[in-house]
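sharing a sequence plus its predicted fold:
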Amino acid sequence: MTDAKAHAAVDNGRHEYMTERARAEGRAGVWSGSWVAERLGVELAGDDGLTGLLGLALRRNPKRAHLLVSNVLGKHVPQSPSVVYGHGVALGRRVRELLGAEAAERAVVLGYAETATGLGHSVADGLGPAPYLHSTRRPVTGVARAGGFEESHSHATSHLLLPEDPALLAGDGPLVLVDDEFSTGNTVLNTVRALHERYPRERYVVVALVDMRSPADAGRLEEFARGIGARVDLVTAASGTVRLPEGVLEKGQDLVARYETRTAEPAPARPSGSVGRVDLRWPGGVPDGGRHGFTAAQRDRLESALPGMAERIAGALPAGVRRVLVLGFEELMYAPLRLAHALEQTTDADVRYSTTTRSPVLAVDDPGYAIRTRLVFPAHDDPADGPGERYAYNVAGAGFDAVVAVVDSAADTSALHAPDGLLARLAAHVPHVLLAVVPSYVPEAPQASERPSMLPEPLRGPDFSSYAPDEVGWLLQDLSDVTLEAPTEEREEAIQSGGAHYAESLPVEYQPSEQYQELFHAALETSATRLARAVGAVTEIVLAERSPRPVLVSLARAGTPVGVLMRRWAQFRHGLDLPHYAVSIVRGRGIDANALRWLAGRHDPADVVFVDGWTGKGAITRELAAALSDFEVSDGVTGFDPEIAVLADPGSCVRTYGTRDDFLIPSACLNSTVSGLISRTVLRADLVGPHDFHGAKFYRELAGADLSPDFLDAVSARFPDVADTVDAQAKELLSADRTPTWEGWAAVERISEEYGIHDVNLVKPGVGETTRVMLRRVPWKVLARAGAGADLDHVRLLAEQRGVPVEEVDDLPYTCVGLIHPKYTRGATGADGKAVAL
């Protein structure tokens, strides 16, 4: 569907549920965006009633200081639950009209955490019997992922999809994606790309309260839809744009700096109020929301139970309360919304609804500003990303006689009830606080899947790879006779359009020039001692902390030379003959589960140590942790440790490493000719069946150019020279605090936004990852830390050969960062395949 047609679909009936009450609240008094607009010169332009839907606030953000604050979402601004629920239901009805009854019956609705979980569920209610699922940032033990994606503009980016029924997303019916705001389109693009790779379908519908795309972003959705061959419709309640004057970002940052010291919690107007609890008698078997899916039958059971639960809340409130807030909790938006809606129909009190949030926003007590007060309290659900502050906006000083705080049982912790916890913060400003706890829904563990009765033995050299047979066993299938290579430009276009996954084809093997091979040998001569120290240090840490007789399992293929070197160190220093295998792991698809089954059948999983060459932003580290969690659920096998051992950890993503320096590891300079002549791994449905190992190719024809033995022997030869140094280095590391800081991931997110890429997967940090970009992808530019020396000689040479600019950057946490062309089509490069400026 073209963008013009999409807009036509939006315009038709756009204000179906722009109620008189919502309009009045947008017009009454001062617009809640006027404070920001007057000081920054920001203009909100668009449909009539847009200012009734949105206000403005400020936040500390390097790319966008202003924040659009919805008046009808029920997140930051307390609102009538009828208005909040009504907007979602009305949008859902419009989607049903757009799709038609038959397609609507097959639709699945997906909402985004955290702000749109309730909106998405309300859209599903309006659409009809459609099942609902929302993304989550809360991993749940025993529940396998059906996918995940990144949200580039959010302060917390990783979204998990954890449906109880793995088939929920696998159908061919329309997928309806619901977010509160459609601005750049990046989040939707990332979602559809990730899901379309795994569950392709013909039709998507994007739903949002407001379409606020800039003219520059307006065509991206249409272009992407053409690339994947699917129809994409857009349904919103209103559309407009934010007009920003020159220098608005700097002015906004100055305003935030000036006012953020004044945003302390307002002083209580009265002594602390009472805190009580109400037993909702939540219906058994009904989920607390859509984290694991929500079916039509579960919706019917909830509808039947809502009046009784509302009566119990009303009965627990003190007599005579006039103004009540039902306060939800982060992703838990739908259950509190429905309870608030039912309470609104049960009592004469003025009922409002909003939820707590992770999002930090500046508070300014002015009627022309959307966030007037802010309560701050610690997280109380033991979040996976660690402790942190949480916020409740526009609650203090809003005249509420009572607040009903609704949380799920996972969040009913001591931190909730602590002196600085949410309940105490509320009681300092409201006379009566009532806690209602909804049972956290955890799906029953699935039955163990049928497992293949027999898996083949590992492939070994010289039949597969140029490594000696005892150096490594490859838990792969040999695809050497299959043509899998595609030109780099063709692969890049297919990958970025969402039409293919990178693991479904192979790049044409780069054949280095004589000058480049000389550079490799010089780099190896220079760095062999440094590499030997790192190999020794990481091996000693593994032996001391992980297992006295570890089973090394390298992640093919970059991890395999490192695994071989670690095995050689263990032989040299300790006389150990360690088993070593290579397995496939694919971003977005996980680790080869059949390889894990083979390993679990022959070794204690607790002895397995996964090995990789280096860390970049930590994507594979996260992928491995999630994949092992899924495997534990699917197979019931425990004991595999997701902690990767790496030679170098410049991204600070792991705690088992030889060094955190970002330097040239010569094995990154070449492809198969330094990795045993093995290709990168392949996962394609027509080649890899459910009981097969992932595949790879053995490039026998490149034997004359093979440098794999040279690399291993050059590093191993330095072992005697570094033995004493390694002992001291390992001792120092073992006593040090090696807790990952993930500073690399933060740097990647910042670079993605600053350079307008909006996709962290196109930012490849570190010398090793930058080298891969130059050899395998369509590079756009290289960022080099100012003053970086010889470690970048090979990158500069490759950049010169491919016509890629190298830009020096101060304060770069890596030696260099490679940027993949962010809007790649074959027309975006010259006829010679060299990169061109956007």
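Cool, got the structure.

distance from the lengthiest helix in the chain to the middle of the chain?
For the chain, the longest helix by residue count, based on DSSP state H, is helix 514-545. Mean-position distance between helix 514-545 and its chain equals 32 Å (Cα atoms, centre = their mean, to the nearest Å).

ok, now stretch 428-445?
Worked out by Cα atoms, centre = their mean, stretch 428-445 lies 27 Å from the chain centre.

just stretch 240-255 next, same as before
The answer for stretch 240-255 is 28 Å, by Cα atoms, centre = their mean.

that stretch: which residues count as buried?
Using 16 or more other Cβ atoms under 10 Å as the test for burial, stretch 240-255 gives Gly240, Thr241, Val242, Leu244, Val248, Leu249, Lys251, Gly252, Leu255. Glycine gets a C-beta too; all of them are placed from N, C-alpha and C.

kindly provide the distance from the fourth one to Glu260.
With the distance defined as Cβ to Cβ, to the nearest Å, Leu244 ends up 21 Å from Glu260.

likewise the first one?
Using Cβ to Cβ, one obtains 28 Å as the distance from Gly240 to Glu260.

now for the longest helix of the chain, which elements pack on it?
helix 559-574, strand 645-648, strand 656-659, helix 708-716, helix 719-735, helix 793-802 (3 or more Cβ pairs under 8 Å, 6 or more residues apart in numbering; DSSP states H and E).

buried sites along that helix?
Across helix 514-545, burial judged by 16+ other Cβ under 10 Å covers 516-517, 519-520, 523-524, 526-543.

one step back: hey, which of the helices and strands packed on helix 514-545 is tucked in deepest?
Of those, the one with the most neighbours on average (mean count of other Cβ atoms under 10 Å) is strand 645-648, at a mean of 28.

strand partners of the strand or helix carrying Glu807, parallel vs antiparallel please.
Element membership for Glu807 (DSSP states H and E) is strand 806-809. Sheet pairing of strand 806-809 (DSSP bridges) gives strand 779-785 (parallel).

sorry, back to before: among the buried residues of stretch 240-255, which are located in helices?
Using DSSP H, the subset of the buried residues of stretch 240-255 located in helices is Val248, Leu249, Lys251, Gly252, Leu255.

out of the buried residues of stretch 240-255, which one has the weakest pLDDT?
Of all these, Leu249 has the smallest pLDDT value, namely 79.

what's near enough to touch the residue nearest to that one when sequence neighbours are not counted?
Closest residue to Leu249 apart from its sequence neighbours, by Cβ to Cβ, 6 or more residues apart in numbering: Ala65 at 5.7 Å. Counting by Cβ atoms under 8 Å, 6 or more residues apart in numbering, Ala65 touches Leu40, Leu58, Arg59, Val248, Leu249, Lys251, Gly252, Gln253, Leu255, Val256.

hmm, 10 Å instead?
By Cβ atoms under 10 Å, 6 or more residues apart in numbering, Ala65 lies in contact with 36, 40, 42, 57-59, 244, 248-256, 362.

how far away is it from Ala747?
Going from Ala65 to Ala747 by Cβ to Cβ gives 21 Å.

I figured Ser708 hits Thr560, correct?
Yes: using Cβ atoms under 10 Å, Ser708 is in contact with Thr560, at 9.4 Å.

what touches both of those two?
In contact with both Ser708 and Thr560: Ser465, Tyr467, Glu471, Ser667, Ser675, Gly676, Ile678, using Cβ under 10 Å, 6+ apart.

what's the neighbour count on Leu98?
18 (other Cβ atoms under 10 Å).

tally of neighbours for Glu303?
By other Cβ under 10 Å, the residues close to Glu303 number 12.

would you confirm that it contacts Met309?
No: applying Cβ under 10 Å, one finds Glu303 not in contact with Met309, separated by 11.1 Å.

joint contacts of these two?
Arg338, Ala342.

how about stretch 772-787: buried residues?
Of all the residues in stretch 772-787, those buried under the rule 16+ other Cβ under 10 Å are 772-785.

average pLDDT for it, rounded please.
Throughout stretch 772-787, pLDDT has a mean value of 83.

next one: stretch 647-660
Rounded mean pLDDT across stretch 647-660 is 90.

start to end distance for that stretch?
End-to-end distance for stretch 647-660, by Cα to Cα, to the nearest Å: 8 Å.

identify the residue nearest Val278 in space, chain neighbours excluded?
Ala316 (4.0 Å).

quick one: residues contacting the one you found.
With contact taken as Cβ under 10 Å, 6+ apart, Ala316 is in contact with Gly276, Arg277, Val278, Asp279, Leu280, Ala402, Val404, His432, Leu434, Leu435, Ala436.

go with 8 Å
Counting by Cβ under 8 Å, 6+ apart, Ala316 makes contact with Gly276, Val278, Leu434.

how far is stretch 548-562 from where the chain is centred?
Distance, centroid of stretch 548-562 to centroid of chain: 27 Å (Cα atoms, centre = their mean).

typo on my end, it should be stretch 41-52
31 Å.

and stretch 748-757, by the same measure?
Worked out by Cα atoms, centre = their mean, stretch 748-757 lies 15 Å from the chain centre.

only the C-alpha atoms, please, for that stretch, written as CSV.
C-alpha atoms of stretch 748-757 as CSV (Å, rounded to 0.1, in the frame of the first residue of the first chain):
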residue,chain,number,x,y,z
VAL,A,748,26.6,1.9,19.6
GLU,A,749,23.1,3.3,20.5
ARG,A,750,24.6,6.8,20.6
ILE,A,751,26.4,6.5,17.3
SER,A,752,23.3,5.0,15.6
GLU,A,753,21.3,8.1,16.6
GLU,A,754,24.0,10.7,16.0
TYR,A,755,24.7,9.5,12.5
GLY,A,756,21.0,9.1,11.6
ILE,A,757,21.3,5.3,11.1
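
buried ones in that stretch?
Buried positions in stretch 748-757, judged by neighbour count with 16+ other Cβ under 10 Å: Val748, Glu749, Ile751, Ser752, Glu753, Tyr755, Ile757.

who touches the closest residue to Asp727 other than its chain neighbours in this structure?
In space, Asp727 comes closest to Glu540 once its chain neighbours are excluded; the distance is 7.7 Å by Cβ to Cβ, 6+ apart. Counting by Cβ under 8 Å, 6+ apart, Glu540 touches Arg573, Val726, Asp727, Ala730, Leu734.

can you check Asp649 too?
Asp649 sits next to Trp614, Thr615, Tyr657, Thr659, Arg660, Pro740 when contact means Cβ under 8 Å, 6+ apart.

rewinding a little: same list (the helices and strands packed on helix 514-545) but as a markdown table, adding distance to Leu762.
Below are those laid out as a markdown table (distance: least, Cβ to Cβ, whole Å):
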| stretch | distance to Leu762 |
| --- | --- |
| helix 559-574 | 23 |
| strand 645-648 | 22 |
| strand 656-659 | 25 |
| helix 708-716 | 29 |
| helix 719-735 | 33 |
| helix 793-802 | 16 |
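
now do the helices in the stretch 351-500 of the chain.
All helices of the stretch 351-500 of the chain, identified by DSSP state H, counting those that start in this stretch, fall at 414-417, 422-427, 488-497.
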